[in-house]
Structures are given as structure tokens and as C-alpha cells.
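>>> The following comprises the amino acid sequence and a computationally predicted model.
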Amino acid sequence: MKNFRTSENGMAAVEIALLLPVLALVLYVVVEGANTLHNYATISEASRSAARQVVISGDPSTARPIVEAVVTELPVAALTTTVSMDAGASSVTVEVRYAYQSVFLANRQADGPLPSLYTLSAKTTMPVP
């Protein structure tokens, strides 16, 4: 009679070795996706706040300081703020762009800027009263 238990000794190790890369990929996607959504929500709020301030003050130069005040956890060098008023000054559009950086590369010690995976963009248009 053959003992089946001894022939399956390495089976659990093989299963773990096959599933571990898949689980690591799923974890990576979940963490990066959550970080991307958080960063987008942050720049979206900064865009809305800056547009409100430009509408209230009438001065487009107030947008950049407002964006920097709202977006405290992102590197300022990776942000771009653009303010435009349509013809007749009936509306103000503020666009905030962020050169997204991976959460896994954020603490990397490197010479020079980190590579950007893609650019997040949030645009808000508000009517001028």
C-alpha cells in the first residue's frame, strides 16, 4: 500500500510559490489605486478652492498659493496650476495637474526627480457673479 501523504509533502510549497506573485500584484494594484484616488481627490479639492478664491478676489495670481495651501502632502514641484478666464470674464477655470509618483517610490533616496508614471488633472470652472 502506498502512503499518499508522503507524496504530497511539497505540494503546499508549490501552491504558495504559484500564488504569491498573484497576491503581490493584487496588493500592489490596491495600494496604487487607493493612492491615486486620494491624490486625485486632493488636487480636485485644491482646484475647487482656488477657483472659489479667484472668483471672490478677481485676482488669478491667488490660485497658486491656495493650491499649495490645500495640497500639503504632495510635492509642490510636481504640481502645475493654470488659471484662465473666458472672453468677457463670465467664468474662471482653474486646472491643477500633478505628475503622479508611485507610493512605492516615494521614499526612495535618489539623485534628481522621481519618474512620473502619469499625470492627474483636475479642472474646475465657476461662473463669475
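Alright, I've got the coordinates. Worth saying up front: this structure is predicted, and the values here are computed from it rather than measured.
>>> average pLDDT across the helix ranked longest in the chain?
Longest helix in the chain, counting residues (DSSP state H): helix 11-57. Taken as a whole, helix 11-57 has a mean pLDDT of 93.
>>> Can you tell me which helices and strands it packs against?
Contacts defined by 3 or more C-beta pairs under 8 Å, 6 or more residues apart in numbering; DSSP states H and E place helix 11-57 against helix 63-70, strand 79-85, strand 91-100, strand 118-127. Every C-beta, even on glycine, is put in place using the N, C-alpha and C of the backbone.
>>> May I see these organised as a markdown table, with mean neighbour count added?
Shown next, in a markdown table, are the helices and strands packed on helix 11-57 (neighbours: other C-beta atoms under 10 Å):
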| stretch | mean neighbour count |
| --- | --- |
| helix 63-70 | 18 |
| strand 79-85 | 16 |
| strand 91-100 | 21 |
| strand 118-127 | 15 |
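>>> Which one of those lies nearest to Ser44?
strand 118-127 (4.0 Å; C-beta to C-beta).
>>> how far off strand 91-100 does that closest one point, in degrees?
170 degrees (axes from the mean of the first three to the mean of the last three C-alpha atoms, to 10 degrees).
>>> Measure how far strand 118-127 is from the centre of its chain, please.
Here strand 118-127 is found 13 Å from its chain centre; the criterion is C-alpha atoms, centre = their mean, to the nearest Å.
>>> mind putting the helices and strands packed on helix 11-57 in a markdown table, mean pLDDT included?
Below are the helices and strands packed on helix 11-57 laid out as a markdown table (pLDDT from 0 to 100):
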| stretch | mean pLDDT |
| --- | --- |
| helix 63-70 | 94 |
| strand 79-85 | 93 |
| strand 91-100 | 93 |
| strand 118-127 | 93 |
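>>> want to throw the ones you listed into a markdown table with distance to Ser57?
Formatted as a markdown table, the helices and strands packed on helix 11-57 follow (distance: least, C-beta to C-beta, whole Å):
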| stretch | distance to Ser57 |
| --- | --- |
| helix 63-70 | 10 |
| strand 79-85 | 11 |
| strand 91-100 | 10 |
| strand 118-127 | 13 |
